[in-house]
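A.B. asks: Need a 3D model of the sequence below.
(2 chains)
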Number of protein chains: 2
Amino acid sequence: MNISEYVDGILKNNTRAISRAISLIENEAEESVELLKALYPHTGNAKLIGITGPPGAGKSTLTDKLVKTIRKTGARVGVIAIDPTSPFTGGAILGDRIRMSELAVDPGVFIRSMGSRGQLGGLAKATQSAVKVLDASGCDYVFIETVGVGQSEVDIIKLADCVLLNMIPGMGDDIQAIKAGIMEIGDVFNINKCDREGADRLAIEIEMMLDLKGSFPIWRPPITRTQANAGIGVEDAWGQVVEFLKVAEESGLLNQRRVEHAQIEVQNILMDIFTKRIHNVAKDGVLEEFARQIVAHETDPYTVADELLQRM
Amino acid sequence: MNISEYVDGILKNNTRAISRAISLIENEAEESVELLKALYPHTGNAKLIGITGPPGAGKSTLTDKLVKTIRKTGARVGVIAIDPTSPFTGGAILGDRIRMSELAVDPGVFIRSMGSRGQLGGLAKATQSAVKVLDASGCDYVFIETVGVGQSEVDIIKLADCVLLNMIPGMGDDIQAIKAGIMEIGDVFNINKCDREGADRLAIEIEMMLDLKGSFPIWRPPITRTQANAGIGVEDAWGQVVEFLKVAEESGLLNQRRVEHAQIEVQNILMDIFTKRIHNVAKDGVLEEFARQIVAHETDPYTVADELLQRM
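C.D. replies: This next block holds a predicted model:
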C-alpha cells in the first residue's frame, strides 16, 4: 500500500488499512510520518476518553460495558489499550484483552493493544498517532485505557479530552499513594465494584480531596458508581462523561486542552527525533566502548555525553 | 557551599551535604553536573539493590527490614524511594515512607524519597545521580525502591546491580499482567505475606515461568519467602541477594551490567540536554501559538516540529 491507498482505506474505515497503519506507527516506519501528515486534516472529530485507575479495579470490564452502551446509539468506537510491557521481550501482555473479544466482531468497534517498545515518550507519541488514525477513520469516540500508575502512563492519559478515573473500595496504603498520584487528572470519578465494603468511605475521601483542591469554575468532577461486570451504573457513568464533554466544549476547556495536547505532541515528535540521533551516534559499539571506560573510571558519563554531542 | 565543599562533605558522609547535593540534582541546578563529575572517581563501591513489585505487596516494609538486617553487620545503607508523583502538583507522595522513620534516626542509614518532576527519563537520570552521591558518601548498599509498574519505573529498576522482585499471593488478573511485565528483571523472587493462601501456587507459577525462560548459565533466580512485617524470612532473602552479588561479581555479570547502565546513563544525560533545548525553543508562547494553529488545522504537528528543529 502506498500513502494515498492507506489514507483512502482509513477514511473508508477499512479495518485492514487501519491495522496496518497503526503497525507502521508502532514500528516507526519511515512512511508513518507522511501518512500522519496526510491524515491530519481529517482528524479532530473523535472525542478521546482516557480510562485509568489502579490495577485490579476492573478497567477492562468497565471499558467493555461503556463501549456496548455507546454502540446502542450507533456511534463508532475505537479502543487503544496500553499494556504493561515486558522489558526483555518487548511484547505486550495481552492479558484481559481477551475479555473484549465479543466486541472484536462488531464492525463498529476497533480494538488495539499497544505496548511500549521504545522508551522515553515513545509510547505516548505512538498512542497519539494511533488515535489520529482512528479519529480519521470516523470513530466518534476513542478510548485510551492504561493502568494508572507510573509517569509514562500518566503522560498518556493526560492526552485525553476527558479522563474517567476508575477505582474500587478497600485497597491498601500503597494504592492510596498511587490514587493520589492520578487523582488530579480525573474529570469523572467512578467507584467500580461499588457493592464492596468501603464504597461510601471512598466516595467521602474523593469529595474531601476535591474540596481541598478548591473551586471548580467549569466542572466539579462527579462520582459515579458501577458494578461493571453486571452492567450496573454504566449508563450513568457514561452520561457524566458526555455531560463533561458538552460543558468542556461550550466553555472552551476542550479547545484549551487540545492546544496543550498539540504542544505535547510536537515535543514528543522532537524528542523522538533526538532519540534516533542518540541511537545513531551510539551504535556500532561506540557507546559501549565509552561505557567500559566509564566503569573503569577512566572517564565519566558527562564527559562522554559532551564528546557524543560534538559528534552529532 | 561551593563544589569542593560539597565533595568534601559528601566524602565525609555529612548528611546535610548529601541532602543538599541530591536537591541540587533534583532541581537540575547548573552546578550539579560539575559536582557529579567531581564525585565520579569516588563511586563504584556501593552495590545497588532494586526492590520492586506490584503495589500493595509490602515493599516498604520489606526494605525496612532488609536495611535493619544489613545494619547488624555495620554496613552503611542508602535508600532512594521513588514515589508516584502527582502530575499536577509535582509533589512526591510520601505515603508509607513514614514507616521507615525509625531508620531515619540511624546515622548509618540515609533515606530519600524522590518523585518525578520532569518527564521522559528525567527521573531515571536523577535517580542514577542521587545513587552516585550516596555511593561516594561511603554507602555499602544503596536501595532503589519503586512500584514495579510502568515503563519509567522499570527503566529505573533496570539500573540496579541486583533486582529483588517482591510479590504476594492471590492478586487478580490485572496484577498477573503487571507481574509478567517485570518478572524478567528479577534476580531474586520474594513472596511476601507468604502465610497467605496461594503462596505455594505463586511459587510454582514463578518456577514454571523460569523454566520457560530457559537456561541460566550463571544464576537461576531463587524464590524466597517472607512475612516482612514480622521479620520472618528477611535474613534468608538478603542472603540470596548477597549470594547473587558474589556470583555476579565473579562471573563478570556485574561488570557487564554496569557497562550497560553506564550506556543508559550517557543516553539519559543526552536526552536531558535535548529536553532543555526543546523547552528553550518552546517557551514564550512560541509552541502554544503553533499548537493553536494545529488545533485549527492550519498546520500539523510534524510540520511544526520541522520548523522548531530549524530554529534550534
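
A.B. asks: show me where pLDDT drops low in chain A?
C.D. replies: Where chain A drops to pLDDT under 70, the residues are A:83-102, A:116-121, A:147-153, A:171-183.

A.B. asks: the inter-axis angle of the longest helix seen in it versus helix B:253-282?
C.D. replies: The longest helix of chain A (DSSP state H) is helix A:253-282. Angle, helix A:253-282 to helix B:253-282, by axes from the mean of the first three to the mean of the last three Cα atoms, to 10 degrees: 130 degrees.

A.B. asks: Show me what helix A:253-282 is packed up against.
C.D. replies: If you count contacts as 3 or more Cβ pairs under 8 Å, 6 or more residues apart in numbering or on different chains; DSSP states H and E, helix A:253-282 packs onto helix A:122-136, helix A:234-251, helix A:301-311, helix B:253-282, helix B:286-295, helix B:301-311. From N, CA and C alone the C-beta is placed, and that goes for glycine too.

A.B. asks: Select, out of those, the one closest to residue A:274.
C.D. replies: Proximity to residue A:274 (Cβ to Cβ) singles out helix B:253-282 among the helices and strands packed on helix A:253-282, at 4.0 Å.

A.B. asks: For the closest one, buried residues please.
C.D. replies: Neighbour-count burial for helix B:253-282 flags B:253-254, B:257-259, B:261-272, B:274-275, B:278, B:281-282 (criterion: 16 or more other Cβ atoms under 10 Å in any protein chain shown).

A.B. asks: now stretch A:282-289
C.D. replies: A:282, A:287.

A.B. asks: Other residues contacting that stretch?
C.D. replies: Under the criterion Cβ atoms under 8 Å, 6 or more residues apart in numbering or on different chains, residues A:281, A:304, A:308, B:259, B:263, B:266, B:267 lie in contact with stretch A:282-289.

A.B. asks: of all those, which two lie farthest apart?
C.D. replies: A:281 and B:259 (17.4 Å).

A.B. asks: Just the endpoints, please. Distance across stretch A:216-235?
C.D. replies: Start to finish, the residues bounding stretch A:216-235 are 24 Å apart (Cα to Cα, to the nearest Å).

A.B. asks: ok, it near chain B or not?
C.D. replies: No. Remark: stretch A:216-235 sits outside contact range of chain B, by Cβ under 8 Å from any Cβ of the partner chain, the gap being at least 12.1 Å.

A.B. asks: And that stretch, how far out from the chain middle?
C.D. replies: Chain-centre distance of stretch A:216-235: 20 Å, with Cα atoms, centre = their mean, to the nearest Å.

A.B. asks: Buried ones in it, by neighbour count?
C.D. replies: Under the neighbour-count criterion of 16+ other Cβ under 10 Å, stretch A:216-235 has A:221, A:222, A:223, A:224, A:225, A:226, A:227, A:228, A:233, A:234 buried.

A.B. asks: mind listing what the last one touches?
C.D. replies: When you say that, I think you mean residue A:234. Applying Cβ under 8 Å, 6+ apart to residue A:234 gives the contacts A:62, A:65, A:66, A:69, A:226, A:228.

A.B. asks: Let's see which of the residues you listed end up in helices.
C.D. replies: Here DSSP H is the test, and the contacts of residue A:234 give A:62, A:65, A:66, A:69 as lying in helices.

A.B. asks: In contact with the closest residue in space to the first one that isn't next to it in sequence, which residues?
C.D. replies: The shortest distance from residue A:62 to any residue other than its chain neighbours is 4.2 Å, reached at residue A:228 (Cβ to Cβ, 6 or more residues apart in numbering or on different chains). By Cβ under 8 Å, 6+ apart, the contact list for residue A:228 reads A:58, A:61, A:62, A:64, A:65, A:192, A:193, A:234.

A.B. asks: can you tell me which two in these are farthest apart?
C.D. replies: A:64 and A:193 (14.7 Å).

A.B. asks: Touching, residue A:136 and residue A:12? I think so.
C.D. replies: No. In this structure, residue A:136 is not within contact of residue A:12 by Cβ atoms under 8 Å, at 10.5 Å.

A.B. asks: out of these two, which sits in the more crowded spot?
C.D. replies: Just comparing residue A:136 and residue A:12: by other Cβ atoms under 10 Å in any protein chain shown the higher neighbour count belongs to residue A:136, 25 against 11.

A.B. asks: Kindly provide the distance from the more buried one to residue A:104.
C.D. replies: 21 Å (Cβ to Cβ, to the nearest Å).

A.B. asks: go on, residue A:282?
C.D. replies: Look at residue A:282 and residue A:104: by Cβ to Cβ, they are 40 Å apart.

A.B. asks: could you pull out the strands for the stretch 101-250 of chain A?
C.D. replies: Counting by DSSP state E, counting those that start in this stretch, the stretch 101-250 of chain A has these strands, from start to end: A:109-115, A:141-145, A:162-167, A:188-191, A:223-225.

A.B. asks: what angle do the third one and helix A:253-282 make?
C.D. replies: Right, the one you point to is strand A:162-167. Orientation check (the same axes, to 10 degrees): strand A:162-167 against helix A:253-282 gives 80 degrees.

A.B. asks: now for strand A:162-167, which elements pack on it?
C.D. replies: Using 3+ Cβ pairs under 8 Å, 6+ apart, strand A:162-167 sits against strand A:47-52, helix A:173-183, strand A:188-191, helix A:234-251.

A.B. asks: Alright, that wraps it up for me.
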